[in-house]
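mind folding the following:
(one chain, ligands or ions: 1)
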Amino acid sequence: VTGALTNAQFLLDRHPDGTLLESHFRKVVSPIPIPRGGQVLCRTLFLSLDPANRAWMQGRTYRDQIRAGEVMSGFTLSEVVDGRQGGISSGMIVACEAGWQEYAALPASDLRKIEVRGALSHHLSVLGITGMTAYFGLFEIGRVCPGETVVVSAAAGATGNVVGQLARIAGARVVGVSGSDDKNRILEDELGFHGTVNYRSERFLEQLKDCCPDGVDVYFDNVAGEVLAAVLLRMNTYGRVVCCGAVSQYESTGRPAGPPAVPGLIVTRRLRMEGFIVTDFRQRWEEAIARLSGLVDDGRLRVIEDIWDGLDAAPAALVDLLRGGNVGKRMVRVADSTEGTAS
Ligand SMILES: NC(=O)c1ccc[n+]([C@@H]2O[C@H](COP(=O)([O-])OP(=O)(O)OC[C@H]3O[C@@H](n4cnc5c(N)ncnc54)[C@H](OP(=O)(O)O)[C@@H]3O)[C@@H](O)[C@H]2O)c1
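Okay, the predicted model is just below:
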């Protein structure tokens, strides 16, 4: 390791009960870990910020709960700085879960090698978990067809903007739901959404109806709660609801808002609501990466990223993400690659 001899880290200091605050995190400086027994020393280049980071604090999800006192968990793009123990070449770029720290010693088996195509940051956005979630959720769970109406929530966010663009490319009519008129203008003017609705508007239900005159065939649900309740009522017979996430509920303490009388509606409209986790499709990620990078290279799919600088920005960047401050994939650039691949 050249340069720094210390490892800046952010711990989850206190468990949040309700709204997450920057003060729930604490910065510490530790020695750089020494890789042992098959471990590889990785240096964090980009740290992904995800609503799921907050869900992981709530309790057990598809992974263990994050406990107070632990280094905050997070997906990263990292550079191998000492791979001898794990038989990996130094300088290799990997996707891993190094967490909110500059260095991590991780088992070689937990690293996914990245063949860098274009900007490295794209491997956290359109060519990373975000793009994989949008692609498999829309095509495998949503089974979108040309001419159908697709509604997507958190539409200006990381996953939502890719879902909307892919649905448009697939020949669907796309309506985005977000919490801001400014975001909706970007979706319509720059990303080709056919219509948008602001769920914070008093006229939300009316606007949703006006934007979907032929009903909704696919609803890609990133938020659950009241937006799900509203869109469900507009679903067409044989419609599909892609249950991707429930960001409106990750900070809720009481009984979360949600759709009433769901089973009846599902029966009478023959709806299919299906959840998925992006890793269910892990064996097919290469296929999606090839397809998505082709669309990016052709200029048909725009990459929208929201990059903050420096590990110190991570707490504020996550808190702000949960308030809806982002447009596109939010991440923190922690360091530049010594190989010069990070851009
Ligand atoms: N199933 C999987 O494998 C998988 C994988 C990745 C992500 N996900 C899920 O996908 C969803 C989107 O994740 P992302 O990484 O793309 O994040 P993101 O959309 O970039 O960021 C979250 C967005 O949620 C919106 N939001 C926040 N509070 C809300 C509320 N109370 N009601 C409605 N919208 C709210 C905000 O935008 P507004 O301005 O519109 O409010 C914010 O920008 C999350 O639910 C996440 O957990 C699932």
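
every contact and neighbour count from this point should use C-alpha atoms.
Will do.

kindly report the residues of the stretch 1-150 of the chain close to the ligand.
Asp50, Pro51, Ala52, Thr130, Thr133 (CA under 6 Å from any ligand atom).

and those residues, which are buried?
Listed as buried from those are Asp50, Pro51, Ala52, Thr130, Thr133; burial here means 16 or more other CA atoms under 10 Å.

which of the three states applies to the third one?
Of the three states, Ala52 takes helix under DSSP: H, G, I helix; E, B strand; the rest coil.

give me the pLDDT value at it.
Looking at Ala52, its pLDDT is 94.

which residues does it contact?
Val247, Tyr250 (CA atoms under 8 Å, 6 or more residues apart in numbering).

how much space is there between it and Ser30?
The gap separating Ala52 from Ser30 is 26 Å, by CA to CA, to the nearest Å.

so where do the strands sit in the stretch 151-300 of the chain?
Secondary structure of the stretch 151-300 of the chain (DSSP state E, counting those that start in this stretch): strands at 173-178, 195-198, 216-221, 235-243, 272-275.

sheet-wise, list the partners of the longest one with their directions.
According to DSSP bridges, the neighbouring strands of strand 235-243, each with its direction, are strand 216-221 (parallel), strand 272-275 (parallel).

ok, for Val94, nearest residue in space, not its chain neighbours?
Lys113 (4.5 Å; CA to CA, 6 or more residues apart in numbering).

now the residues of the stretch 1-150 of the chain next to the ligand as JSON lines including distance to Arg14?
JSON lines is the format used below for those (distance: CA to CA, whole Å):
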{"residue": "Asp50", "distance to Arg14": "19"}
{"residue": "Pro51", "distance to Arg14": "18"}
{"residue": "Ala52", "distance to Arg14": "18"}
{"residue": "Thr130", "distance to Arg14": "28"}
{"residue": "Thr133", "distance to Arg14": "30"}
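
picking up where we left off before, so which of the strands of the stretch 151-300 of the chain is the most surrounded?
Across these, averaging neighbours per residue (mean count of other CA atoms under 10 Å) puts strand 216-221 on top, at a mean of 28.

and that one with strand 173-178, angle?
For strand 216-221 against strand 173-178, the angle by axes from the mean of the first three to the mean of the last three CA atoms, to 10 degrees is 30 degrees.

for the chain, name the helix or strand with the lowest mean pLDDT.
helix 262-268 (a mean of 86; mean pLDDT, DSSP states H and E).

now that helix: buried residues?
For helix 262-268, by 16+ other CA under 10 Å, it's Ile266.

spatially central residue in this structure, please.
Centroid check for the chain by CA atoms, centre = their mean gives Thr130 as the closest residue, at 4.7 Å.

retrieve the pLDDT associated with it.
97.

touching, Asp306 and Gly325? I think so.
No - counting by CA atoms under 8 Å, Asp306 does not reach Gly325; the two are 9.8 Å apart.

can you get me a residue count around the closest residue to Thr76 other than its chain neighbours?
Closest residue in space to Thr76, ignoring its immediate chain neighbours: Leu47 at 4.5 Å, by CA to CA, 6+ apart. Burial measure for Leu47: 32 neighbouring residues, criterion other CA atoms under 10 Å.

ok, is stretch 263-279 in contact with the ligand or not?
Yes - Stretch 263-279 comes into contact with the ligand (CA under 6 Å from any ligand atom), by way of Phe276, Ile277, Val278.

of those residues, buried ones?
So, by 16+ other CA under 10 Å, the buried ones in the residues of stretch 263-279 next to the ligand are Phe276, Val278.
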